[in-house]
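Colleague: show me how the following folds:
(chains A and B)
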Amino acid sequence: MKEYIKSSEAIIETANANRWEIGENLHDYIIESLYKDAADIASKVISTDNTKKKFDIDSFIDKVVTSRWTGFPIMFLILAIVFWLTITGANYPSGLLSDLLVDTIHPFLKSGAGNIGLPWWLIGVLIDGAYLAVAWVVSVMLPPMAIFFPMFTILEDFGYLPRVAFNMDNIYRRVGAHGKQALTMSMGFGCNAAGIISTRIIDSPRERLIAIITNNFSLCNGRWPTQILIATIFIGNIFPSEFSGLASAGAVVSIALLGILFSLVVSWGLTKTILKGEASTFSLELPPYRPPRILQTLYTSLIDRTLFVLWRAVVFALPAGILIWLVANVQISEISIGQYFIDWINPYALFFGLNGVIILAYIIAIPANEIVIPTILMLTVLSAQLMGIGSGAGVMFELDNVSDIAQVLQAGGWTTLTGINLMLFSLLHNPCSTTIYTIYKETGSIKWTIVSTILPIIMGLLICLIAAQIWGLF
Amino acid sequence: MDSNNCANCPALHNVNNLVKLGVDMSEFDYVIALAGNPNTGKSTVFNSLTGLRQHTGNWPGKTVARAEGGFIYNEKHFKIVDLPGTYSLLSTSTDEEIARDFILFGQPDVTVIVVDATRLERNLNLTLQIMEITNRVIICLNLMDEAKRHKINIDHRLLSKKLGVPVIPASARQGEGINELLKSIYDVVVGNYICKPYRVSGEIKYVSKAVDELVYQITTLYPEIPNARWIALRLLEGDQSVIDAVISGDIGSLTTRNYQIENSGVQ
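Modeller: Model prediction:
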């Protein structure tokens, strides 16, 4: 054993001794000879037809979508079209689903449970709490996701997303971050936890941390439906009906762009303060455009994205539904504990242009952004005591379409400002618990996990406050 | 002890290290690693081989962690590990380290390198680096349909001769070449095909003495090591994870069975 250690130590010693003599150029020499051999072999086996193609469609598209003048407008236009299709297409199927799950199956389950003699509290927890929360998640989220994700996946399959990164790369480098952050940011538009894992492609730990901290500013799967629904209710309805779809789509795109702006500003702030340093360079390969395989894309986006996100939402909605029912029905001297909390926090929340319901909803929804909207609706009914619409405290009510949801929220004291600030707060608040855990796993640091969690909340409250103050001027 | 008890299945992988790297090795005869540059269609090849529908995207850097799957061919159970796409194994980012450590320490029975036929030269850089670390390599020359569209012809037989390993032309999106790839994988793992990988020739004069000395020391300590020259160069560069592996002895324990395979395969 002793001899063994001696030998491996001898190897290291030889290496160390020689390393100083060789100097620092060895790495470059090795790479050079590697490239030379690769070039030699390639030149011997490749032959190209010299008949030059008159027109190269790929580089023509690239010229247009990555041009300094047309690149960004095209990006905004594509985003706007995607959201417009999602918003206008999702309303009708959403109504159908809630007819079925909430209006038809829920009373059926409830009377069935009553007939077999279950105690009232068990019926409450299981059917008014767990089942209704799940039914809500499915009817509110499934239609927009089933339209949005396939379109997003087709863009991805076609090869457009790396062009977005290409357009953004220069800006990211100018703020002192790594150009690849444009890629990880784009991944975050699907899921922040995935976006944070994807920062592994960034070599420098400093730039990687910046990318991790700012990834939350990419609106994720769980937040798109919130944005789309609230924009439809509070922005779309201000405009005449023929423009409402367009206006809501414009509002969602603005929030998404605001998120990109925040990720740039915060990256810049970090590189100037606690994470100082120079940006490193890299090369980004633009993949060729490939005709999207429509059927396969639909299939994978349905399985991988839509059902995956829906399943996650359902898994988190089940216990959240139970929790909401308990919060609404466990009473201390005739007032539910949820009401206590909402009444207590409401004055502070109103100061920020939000309300107590939103704050409580975001606390209950820490495990998953997906359940924010159903939670808000349940809590609003509870706190506004809209007995005419709902069928009991903390029971979700029967709403057929978006305009009914609008009525409930307005009865709960919501204004256009509340809607706008909810959209802003949905962009700027703590990451979901999965993402927080991922940040901890990737950074291995409690300090940076806390920074990534707290920073967006502070920014969100600040921005909501500013919005409320500006709103007050008019 | 481990799965290579029968004479016909000379499994080479290092079970202990694979388990250490987090791979569940129960019920598998062979381990295949899937490597390649980003966006060459590795995930598509992975899906074609396993029948899984891992999400693929036209998107460099989609796979950052490892994905695993399995399939059965000729009654043998294969485990396939999809490594992150990288341009080289020389730098220090996490994804490159994951890929390199898996090939170096896990010693997969064969490493399939998915190569973009439209960007052969750049893809060969990674290929040559992988062939420095492991002998058993298969090139899957993917995206042949796109190469054809761009009027690029590749003499895959000549390429195979030059590199000393099998080269399988494929268009994984259309499912072309996958059967040939499966057969080639089988041939390499059971020893029907012995790879004689090309090694980078550029001998740098003033380091050759140091390299020779180190190679001598390394091979004295571990006579069966297949990649002594590669290890010597990494040591001279001061690569910390290789230095650690030499000190801990991991380098030696992992490579002992290569020797048996190279010999017993010839029948």
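
Colleague: quick one: the strands in chain A?
Modeller: With DSSP state E applied, chain A shows strands at A:46-48, A:331-332, A:335-336, listed in chain order.

Colleague: chain B: which of these is closest?
Modeller: When the strands of chain A are ranked by proximity to chain B, the top entry is strand A:46-48, at 4.8 Å, counting by C-beta to the nearest C-beta. (C-beta placed from N, C-alpha, C; glycine too.)

Colleague: pretty sure B:I113 sits in a strand.
Modeller: Yes. Per DSSP: H, G, I helix; E, B strand; the rest coil, B:I113 lies within a strand segment.

Colleague: what's the neighbour count on it?
Modeller: 28 (other C-beta atoms under 10 Å in any protein chain shown).

Colleague: re earlier: redo the strands of chain A as CSV? Include mean pLDDT.
Modeller: Putting the strands of chain A into CSV (pLDDT from 0 to 100) gives the following:
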stretch, mean pLDDT
strand A:46-48, 84
strand A:331-332, 81
strand A:335-336, 81
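
Colleague: save these as JSON lines, and put in distance to chain B too.
Modeller: Shown next, in JSON lines, are the strands of chain A (distance: least, C-beta to the nearest C-beta, whole Å):
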{"stretch": "strand A:46-48", "distance to chain B": "5"}
{"stretch": "strand A:331-332", "distance to chain B": "47"}
{"stretch": "strand A:335-336", "distance to chain B": "43"}
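
Colleague: center of the chain, which residue is that?
Modeller: Since you didn't name a chain, this refers to chain A. Central residue check for chain A by C-alpha atoms, centre = their mean: the C-alpha nearest the mean position is that of A:C220, 0.9 Å away.

Colleague: chain B was what I was after
Modeller: Short answer for chain B (C-alpha atoms, centre = their mean): B:T111, at 2.7 Å.

Colleague: list the contacts of that one.
Modeller: B:I32, B:A33, B:L34, B:A35, B:I103, B:I130, B:T134, B:R136, B:V137, B:I138 (C-beta atoms under 8 Å, 6 or more residues apart in numbering or on different chains).

Colleague: A:A42 contacts B:T118, doesn't it?
Modeller: No. Between A:A42 and B:T118 there is no contact under C-beta atoms under 8 Å: 11.7 Å.

Colleague: circling back: any chance of the strands of chain A in a markdown table, with distance to A:F262 and mean neighbour count too?
Modeller: What follows is these, written out as a markdown table (distance: least, C-beta to C-beta, whole Å; neighbours: other C-beta atoms under 10 Å in any protein chain shown):
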| stretch | distance to A:F262 | mean neighbour count |
| --- | --- | --- |
| strand A:46-48 | 46 | 13 |
| strand A:331-332 | 41 | 11 |
| strand A:335-336 | 36 | 14 |
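
Colleague: who does the lengthiest helix in chain A touch, helix- and strand-wise?
Modeller: The single longest helix within chain A, with elements called by DSSP state H, is helix A:241-272. For helix A:241-272, the packing partners by 3 or more C-beta pairs under 8 Å, 6 or more residues apart in numbering or on different chains; DSSP states H and E come out as helix A:71-98, helix A:161-174, helix A:181-188, helix A:205-214, helix A:224-230, helix A:416-427, helix A:446-473.

Colleague: now do it and helix A:205-214, the angle between them.
Modeller: Put simply, helix A:241-272 runs at 150 degrees to helix A:205-214, going by axes from the mean of the first three to the mean of the last three C-alpha atoms, to 10 degrees.

Colleague: from chain A, how far off is B:I194?
Modeller: Note on B:I194: its distance to chain A, by C-beta to the nearest C-beta, to the nearest Å, is 20 Å.

Colleague: that should have said B:L34, apologies.
Modeller: Here B:L34 is placed at a distance of 18 Å from chain A (C-beta to the nearest C-beta).

Colleague: so that residue: helix, strand or coil?
Modeller: Three-state call for B:L34 (three-state DSSP): strand.

Colleague: residues of stretch A:168-188 that come out buried?
Modeller: Under the neighbour-count criterion of 16 or more other C-beta atoms under 10 Å in any protein chain shown, stretch A:168-188 has A:168-169, A:172-173, A:175-188 buried.
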